[in-house]
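[1] following is a predicted model, sequence given first.
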Amino acid sequence: MSQVVGRFAPSPSGRMHLGNLLCCLLAWLSARSAGGRVVLRIEDLDAMRCPRAYADLLEQDLTWLGLDWDEGGSKGGPHRPYYQSERSDIYNTYYQRLVKLGVVYPCFCSRGQLHAASAPHRSDGQVVYPGACRDLTAQQAAQAARRRPPAWRLRLPDSLTLSFIDGHMGPVTQDLAADCGDFVLRRADGVFAYQLAVVVDDALMGVTQVVRGGDLLSSTPRQLWLYRLLDLPAPEFYHLPLLLAPDGRRLSKRDGDQSLEHLQSRYSPQQIIGRLAYAAGLQSAPDPACPADLLPGFSWDKVPRQDIRLPEGLF
Ligand code: GLU
């Protein structure tokens, strides 16, 4: 069997919070417990929101917590660069393959137009693309391009249902055409979309196992379709339950007390890891632990599938 390659793929737009941390811990445990390697890729496609200083801090935070990686970030490695902001030429190569397949078209809809359209909304709040620019003639497109630069969308078949087995959540099926619609590959400002970048990167970096937040479960069918069109090998996916505050609210970056900056002033790395592992079902008590201590007992079966509510007073 080929070696497991997992990854940390953070978007450092601020300090890590408990949700990111749980994701990195599980990605690390899942890969290391299978004797695998870990890649660190900095997902700073939105370079303005993710200054390099945050990426550097993130590396320090991971190291402080005892979550190590084999290649990537400032460490470099055979698949460099590991910063998405420096990989646009690579994304462009794959984007051009899709253009050659004839499945990319310009979309001139503004955000306001998309939201105003009576299009249904997906469960994650995104608008299902109503297809307004799908069938523009070359002349109509040229005219519209004089007013605003277009985003570029992937044309999906009229009916497209994708299924896969999530390593943690089990079988997932999505009617991609109805639940999502043609999606953006390249933004109007020229930046390649996350959906394309993540597929190209995971494939080229040899990632075999993607562990990430459950909020990205609904993106996976889009990514699987891109793997298919680009003839790239798809990894296995493990999506995590959401981590909720003790009162059931979704944790967000606005919860300053859940940010690593704040946690570091109160707890040792072993206390943070141990408590998080307890919340995620990996320890029966919130005892201090370093990531390596959790390896022998690690199993995905112990991690809940439903949202995890942090016990009151744990952090
Ligand atoms: N960069 C994304 C995040 O930080 C994760 C994307 C992924 O794991 O595919 O939420």
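    Cool, the structure landed.
[2] quick one, strands of the stretch 101-250 of the chain?
    Counting by DSSP state E, counting those that start in this stretch, the stretch 101-250 of the chain has these strands, from start to end: 104-107, 151-154, 161-166, 170-175, 183-186, 209-213, 236-240, 243-244.
[3] want to try JSON lines for the ones you listed, with mean pLDDT as columns?
    As requested, the strands of the stretch 101-250 of the chain are arranged in JSON lines below (pLDDT from 0 to 100):
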{"stretch": "strand 104-107", "mean pLDDT": "98"}
{"stretch": "strand 151-154", "mean pLDDT": "98"}
{"stretch": "strand 161-166", "mean pLDDT": "97"}
{"stretch": "strand 170-175", "mean pLDDT": "97"}
{"stretch": "strand 183-186", "mean pLDDT": "97"}
{"stretch": "strand 209-213", "mean pLDDT": "98"}
{"stretch": "strand 236-240", "mean pLDDT": "98"}
{"stretch": "strand 243-244", "mean pLDDT": "93"}
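[4] which residues does the residue of the stretch 201-315 of the chain found nearest the ligand contact?
    Nearest residue of the stretch 201-315 of the chain to the ligand: residue 212, at 3.4 Å (Cβ to the nearest ligand atom). For the C-beta atoms, the positions are set from N, CA and C on the backbone; glycine is no exception. Neighbour list for residue 212: 9, 23, 27, 237, 238, 239, 240 [criterion: Cβ atoms under 8 Å, 6 or more residues apart in numbering].
[5] circling back: out of the strands of the stretch 101-250 of the chain, flag the one nearest residue 70.
    Residue 70 lies closest, by Cβ to Cβ, to one member of the strands of the stretch 101-250 of the chain: strand 209-213, at 13.7 Å.
[6] quick check: neighbours of that closest one in the sheet, parallel or antiparallel?
    strand 236-240 (parallel) (DSSP bridges).
[7] need the CA coordinates for the strand it pairs with. CSV is fine.
    C-alpha atoms of strand 236-240 as CSV (Å, rounded to 0.1, in the frame of the first residue of the first chain):
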residue,chain,number,x,y,z
GLU,A,236,-9.8,10.1,0.8
PHE,A,237,-11.8,12.6,2.7
TYR,A,238,-12.5,12.8,6.5
HIS,A,239,-14.8,15.6,7.5
LEU,A,240,-15.0,16.7,11.1
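[8] anything in that strand near the ligand?
    No. If you take Cβ under 6 Å from any ligand atom as the test, strand 236-240 misses the ligand, and the best it gets is 9.1 Å.
[9] quick one: that strand to strand 170-175, angle?
    100 degrees (axes from the mean of the first three to the mean of the last three Cα atoms, to 10 degrees).
[10] around the ligand, pick out the residues from the stretch 1-150 of the chain.
    Within reach of the ligand by Cβ under 6 Å from any ligand atom, the stretch 1-150 of the chain has these residues: 9, 10, 11, 43.
[11] quick one, what contacts the second one?
    Read that as residue 10. 16, 20, 24, 42, 43, 58.
[12] of all those residues, which comes closest to residue 110?
    residue 43 (25.7 Å).
[13] wouldn't the closest one be in contact with residue 192 here?
    No. Applying Cβ atoms under 8 Å, one finds residue 43 not in contact with residue 192, separated by 11.7 Å.
[14] counting neighbours, what do you get for residue 135?
    9 (other Cβ atoms under 10 Å).
[15] alright, I will stop here.
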